[in-house]
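Novice: pasting the sequence and the predicted model now:
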There are 4 protein chains.
Amino acid sequence: MKVIRDPLWNNIRLEPLALALIDTPPFQRLRYVRQLGLAFLVYPGASHSRFEHALGTYHLARRALGLLEERGDLKGLDHSLSTDIRVAALLHDIGHYPFSHALEEIGALHHEEVARPLITSGPIGDILRNALGADAPDRIMELIRGSSPSPLQGLISGSLDLDKIEYLRRDALMCGVPYGEIDADRLLNSLVLVHPVPRTPSTARRTLGIQEKGLSAVESLLFAKYQMYRNVYWHHAVRSATAMYKRLVSDALDAGALSASQLAGFTDEGLLLGLESKAASPLLKALRERRLFKRAVEIPAAELPSDAGEWIADDWRRTIEAENTMARSLGLAAGELLLDYPAKTEMLGLDLPVLRRGGIVEQLTRHTASGTINLPTLSEELYRSARWLRVFTARPISVDRAALLNLL
Amino acid sequence: MKVIRDPLWNNIRLEPLALALIDTPPFQRLRYVRQLGLAFLVYPGASHSRFEHALGTYHLARRALGLLEERGDLKGLDHSLSTDIRVAALLHDIGHYPFSHALEEIGALHHEEVARPLITSGPIGDILRNALGADAPDRIMELIRGSSPSPLQGLISGSLDLDKIEYLRRDALMCGVPYGEIDADRLLNSLVLVHPVPRTPSTARRTLGIQEKGLSAVESLLFAKYQMYRNVYWHHAVRSATAMYKRLVSDALDAGALSASQLAGFTDEGLLLGLESKAASPLLKALRERRLFKRAVEIPAAELPSDAGEWIADDWRRTIEAENTMARSLGLAAGELLLDYPAKTEMLGLDLPVLRRGGIVEQLTRHTASGTINLPTLSEELYRSARWLRVFTARPISVDRAALLNLL
Amino acid sequence: MKVIRDPLWNNIRLEPLALALIDTPPFQRLRYVRQLGLAFLVYPGASHSRFEHALGTYHLARRALGLLEERGDLKGLDHSLSTDIRVAALLHDIGHYPFSHALEEIGALHHEEVARPLITSGPIGDILRNALGADAPDRIMELIRGSSPSPLQGLISGSLDLDKIEYLRRDALMCGVPYGEIDADRLLNSLVLVHPVPRTPSTARRTLGIQEKGLSAVESLLFAKYQMYRNVYWHHAVRSATAMYKRLVSDALDAGALSASQLAGFTDEGLLLGLESKAASPLLKALRERRLFKRAVEIPAAELPSDAGEWIADDWRRTIEAENTMARSLGLAAGELLLDYPAKTEMLGLDLPVLRRGGIVEQLTRHTASGTINLPTLSEELYRSARWLRVFTARPISVDRAALLNLL
Amino acid sequence: MKVIRDPLWNNIRLEPLALALIDTPPFQRLRYVRQLGLAFLVYPGASHSRFEHALGTYHLARRALGLLEERGDLKGLDHSLSTDIRVAALLHDIGHYPFSHALEEIGALHHEEVARPLITSGPIGDILRNALGADAPDRIMELIRGSSPSPLQGLISGSLDLDKIEYLRRDALMCGVPYGEIDADRLLNSLVLVHPVPRTPSTARRTLGIQEKGLSAVESLLFAKYQMYRNVYWHHAVRSATAMYKRLVSDALDAGALSASQLAGFTDEGLLLGLESKAASPLLKALRERRLFKRAVEIPAAELPSDAGEWIADDWRRTIEAENTMARSLGLAAGELLLDYPAKTEMLGLDLPVLRRGGIVEQLTRHTASGTINLPTLSEELYRSARWLRVFTARPISVDRAALLNLL
């Protein structure tokens, strides 16, 4: 076992297969892709990369599997299922674009799709096939996409996935905010494989759930996620920088200075430095000198008609047109006004089976656990209060709220 | 300035007046009164005392006053107001009974009343009068009781009092739970003196409020408080030990082995060791050997009729009778069955003025801040889900839920 | 597995045998014996007890054994050896007197000897014999005394014992000083069973050593130990309080108010409260009101003739006589002047086998590892600079350095 | 005051002048210069930049000045001296090359010299002159170079400079190693302005010293610095990556693909990406894919003749020739064998005045403080044991120790 030091988990122990995967160029690229995109312009400490996060997720997978094994939950399962989980945890973010999630909002492929060729072919594909069999890359991809029949699927994708625990804690640490505290030990320690309810043929297979004693740890996960969205991920200045970045990349694509298929091969700095030479723009220059666009108007989701404005996160073409129209009407040039409405995000997935003290399994959605807060309801409420529709402009300017509402 | 080390705040700087107060016997007694009562039987690390907590509250008062001064909020205020605050912070818990709050539930005087003679007479009264004037002890008492006209009153008692920030963080640290994280720096940094609304003659005086940018720190305070109640303060085993302690002291008082007026003079161990020699009982022996009573039945507050059972926390005589009646009906001896329903606690006080970015002051109760979670509503909801009515018994036994509901 | 929360290690997992041992009265007594004796009068946070420390040592034993097993070092060893280690780690301090080590300096039995009857008879003896065989109590005692033939002996007593890692880190945390940082993860991860050198029949048995990659972690242990002795354990005010305590207990024994055989049965507060009623003294009153004796003169060990004054730590009768003589000569009453010279302590034991990268085992004493600091030499140097000979007096008074040197 | 969050110091408060300086392009460049150069290839968390470090150093300057002021040490000093210190702390690293210190070892200008034009002209020069007077840039430069007559000079450069405290703690945090713990609070709290000894006309001016009570904090600084050099800065793989980087940049300069005067304008990634297009080399490719050269032989400084090999750190031309000669003799190509011997570094400067309890000032060099470890001696000893002469090669190969010694 090789030990790597880490600011969050201290010592991460790596098996030889993990080391081999890490030593490939696609994985090494993750060192140069910041975990939180442009957030480092607001939280200077947020310079951490997908690389550390991937190691940390692998680490949590090892710990979770160790605890499940100690409790006997893995008895009868093929040993390779565990290896697949560790590998999927390590590789789950291999397809991230420069600055992580932002470019998915302009219609680029989702990072899990970008991951496919990186995992099924090239050096990673070779390593996986040699070590774990010819269909290993496909098994890993299924886990990453959340479509695997593995009873352990929930560790990689779902309400309680390890990815979430990792990024909330790491992002909070690196941003220097006291908002990502999660009772990770108890959460991992409460994971359990159960038969989901209602019992149908399709639920014959066990799935990942949580013991009742872990519910307060789930609450801590929800509180942490809400606080991180409110204070970091959806912080107005972070969203402004992200909007600038999306638009400048989109313009470069439209101008033919860049092709969409190249995007996933870039590092953060590689992309921006390339654009500086091939597609310099006022937006890019402003971003590099940290002259972020200012809020011209903003409205919380709770004060918007239901479903209003969802196209802003979904239909990039329409968004650009709306930006340009609104810019013109205010005497601004194209690209000097940006619209932002973060894509809808579930604060807490609702598909969580709970194993009660008495041995009964309940689905968290269907029935509020007696004597606990109503997590699904609270989750929805918290989510709505953290999300804002915003207009950013290159120069301080005041935009009428009605004008914005009109647009929707 | 004398520096004292502290596990939570690292370095606490003490002025000479504070040192003089600390060096009195009533203050030194606090070294021997555990902050969390019997919780150390469940969370072994919770051996910290009111002494450290008092130093920490003083420390936060110094920091809060320093920040208010830096921002100019103290301009025009008499300098002695600040000194009073620091002294009140230091002395606010001087009247605590052995094992802190529990004995207040059996009808003993509230600790703020016990504090009066300790602050107005004896060595502490002398020091205060010499240093701060003849009426200083009364001024300090008013602050501690929350009835002072000082614009800084809110630092000592109220929604945002420093006491709360201190104990949530210290208790979480010592218990070893990741549940007390509060954005204390931002909270302190957001405190502001404002004119409360609506503006009436009685509100001519400024009062402590919070700037809008501090609202997410207030949310962190609420989440932390809820989590600490749910997981520590109202943990079933902590409540069991507390119920045992209340009953055994009550029995000793009834038996005349102890008089109520002595109670506040004891240390934790002084009281129990005294009772061991003068009023040994099975309850006391069980507590010392950590044979805690078990839950026979429990019902969350949310499933109880509104206001049902409030007498359990309020009317101690009726509670004992109910316990004895129920015990008899189950073939148990008096003292072998205990009822527990923690006294109602506000998760977040509702009297908080918020200074909005535009300069307007709003009362948090009256109007939900645009784009934030509804803190008062959430607070009430969280509170209800953490509170349980419980029956504890000396031996594992199953009590019918209906029987308990009948009793109410 | 039962999980207990802990401020240092967060989650401690306990096997049923450990739980049974913890639930005995002799073990529960440890809750009421402070880990650092009177240090809490100087470092208010130091209210932690032997109980938490014992749990933590058990926890480290589990982790160390887990890592040794993962590496294959335990192959061929009887499984019961590991259980013995965990049990010995849990019980190693069971015999501590009130306020921990101080009373050993007045000639009371060493705590490891006090432990014998507690481990071989009574509830703990019963549990051990039932679970681990008739000779289990003796095996455990051998481990605690450092005389066991077990290859794992070094985990319980020796240069690298887990006890040391635990107390340095816990004491630093609780005192609030940044001095106990140890690279515990790497230290545990570097432990290895090796054949000691030189190879003789008596060394046929493997013993605990450290891999070369762990040497910087050993350095961190040495630095931490030195810093804790200098700043906490041998802090002048801590030593003053300890000297007062030793003398007042000694006086009570001499006066017959207490018998030596009872000592180990007391808790901290039980002893002092008992003495308050049976053997009140000015010393005791001063200690309770925290009026600590002041330094009248002090001399660092490095400035003393070699071996001078060692009797102060060794010969209690002679020390008391010297104290009384010196007191008289200064017009002080018996008990108003105290001599203090902490018992000699090795900063780092010298019996540490190191497994070099090339596979060779070297004894750390005999040969300085190439390219590392000379740990034994540094250890001796650090030790001498932290130790001071001191005279404490009830009232501030200046004692001549020559007078003290004369005495030696 | 603007507040910026930080993973190390949590909340950094910035005055308007600091904000204006930060908002300049030369300062923003620091966001893209890693604090620890290539160490992130070994410690993945070490992705932090000079930007955060500069903010942190400014933060410590504010705290140190605040404490000196509270104690009255700044009385009589011109207020502008304090402002200069804060500005110098913020700007002290403005001239760093890509990947920080490495390029200084190939003969490029020292970063303090690179800083001169950046501070005296351009936007930073303008801001300084406007805010602090025409000679402000020169005053700041003097402080950064350590040649200022300011009594506060020692805060910026010297044995106790704040820069050192900042980087040791931040680097340890980000690397995830428990080795950078420093008693920073006590160190800052012990700083004092004293008249140096011996008293001569040239020492009429006060200078920064430390109170005796701060000596154990100085020890913690020394231990931390040694441990960080041994485990991080001079870690063999970090040195290997650094040697590769030095050689590849040197080759690019020699090949005319780059000019020395441009170097300081680059960011880390900007330099490497530029070289990839203009001066691709096997070394660069290996570095990007993290195929680090391996140790072929290594010898600790303590086993080398005194002063042997110092030219390796000093005379870059000679070093390259030696590398090439040695490579040839082993059948390696030029650039496939690298020599490394880190430039001599003082572990602890020796110019530290100590203010003893009695009021006497002693120079730490001249006289070992009574009852403390001999810091200068220990410092020298520690330093020698952390420094190694090494040969790295592209392929695993074994080089004879004698061959290396011969070369020196």
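Specialist: Sure, I can see it.

Novice: just read off the phi/psi values of the residue of the stretch 151-300 of chain A found nearest chain B.
Specialist: Residue nearest to chain B within the stretch 151-300 of chain A: residue A:300 (3.5 Å; Cβ to the nearest Cβ). No exception for glycine: its C-beta is placed from N, CA and C like everyone else's. Dihedral pair for residue A:300: phi -70, psi 150, per degrees, to the nearest 10.

Novice: with adjacent residues omitted, what lies nearest to residue A:184?
Specialist: Leaving aside its chain neighbours, residue A:184 sits nearest to residue A:165 (5.3 Å; criterion: Cβ to Cβ, 6 or more residues apart in numbering or on different chains).

Novice: mind jotting down where the strands sit in the stretch 301-408 of chain A?
Specialist: Per DSSP state E, counting those that start in this stretch, the stretch 301-408 of chain A carries strands over the ranges A:337-340, A:353-355, A:361-363, A:388-393.

Novice: make TSV from these and add distance to chain B to it.
Specialist: TSV is the format used below for the strands of the stretch 301-408 of chain A (distance: least, Cβ to the nearest Cβ, whole Å):
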stretch	distance to chain B
strand A:337-340	14
strand A:353-355	15
strand A:361-363	15
strand A:388-393	6
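
Novice: ok, of the ones you listed, where does mean pLDDT dip lowest?
Specialist: Of all these, strand A:361-363 carries the lowest average pLDDT, namely a mean of 86.

Novice: that strand pairs with which strands, and in what direction?
Specialist: strand A:353-355 (antiparallel) (DSSP bridges).

Novice: the strand it pairs with: which residues count as buried?
Specialist: The neighbour-count check on strand A:353-355 (16 or more other Cβ atoms under 10 Å in any protein chain shown) flags A:353, A:354, A:355 as buried.

Novice: check the offset of it from the chain's centre.
Specialist: Relative to its parent chain, strand A:353-355 has a centroid offset of 25 Å by Cα atoms, centre = their mean, to the nearest Å.

Novice: contact partners of it?
Specialist: With Cβ atoms under 8 Å, 6 or more residues apart in numbering or on different chains as the test, strand A:353-355 has contacts from A:192, A:194, A:196-197, A:207-212, A:215, A:361-364, A:369.

Novice: how about the residues of the stretch 151-300 of chain A near chain B?
Specialist: Contact residues, the stretch 151-300 of chain A versus chain B (Cβ under 8 Å from any Cβ of the partner chain): A:177-179, A:181-184, A:216, A:219-220, A:223, A:227, A:230-231, A:298, A:300.

Novice: what about residue A:329, how many neighbours?
Specialist: Neighbours of residue A:329 under the rule other Cβ atoms under 10 Å in any protein chain shown: 11.

Novice: just residue A:50 next, same as before
Specialist: 25.

Novice: distance of it from chain B?
Specialist: Relative to chain B, residue A:50 is positioned 25 Å away (Cβ to the nearest Cβ, to the nearest Å).

Novice: test my guess that that residue contacts residue A:35.
Specialist: Yes - taking contacts as Cβ atoms under 8 Å, residue A:50 lies within contact range of residue A:35: 5.6 Å.

Novice: tell me, what's touching these two both at once?
Specialist: Residues touching both residue A:50 and residue A:35 (Cβ under 8 Å, 6+ apart): residue A:100.
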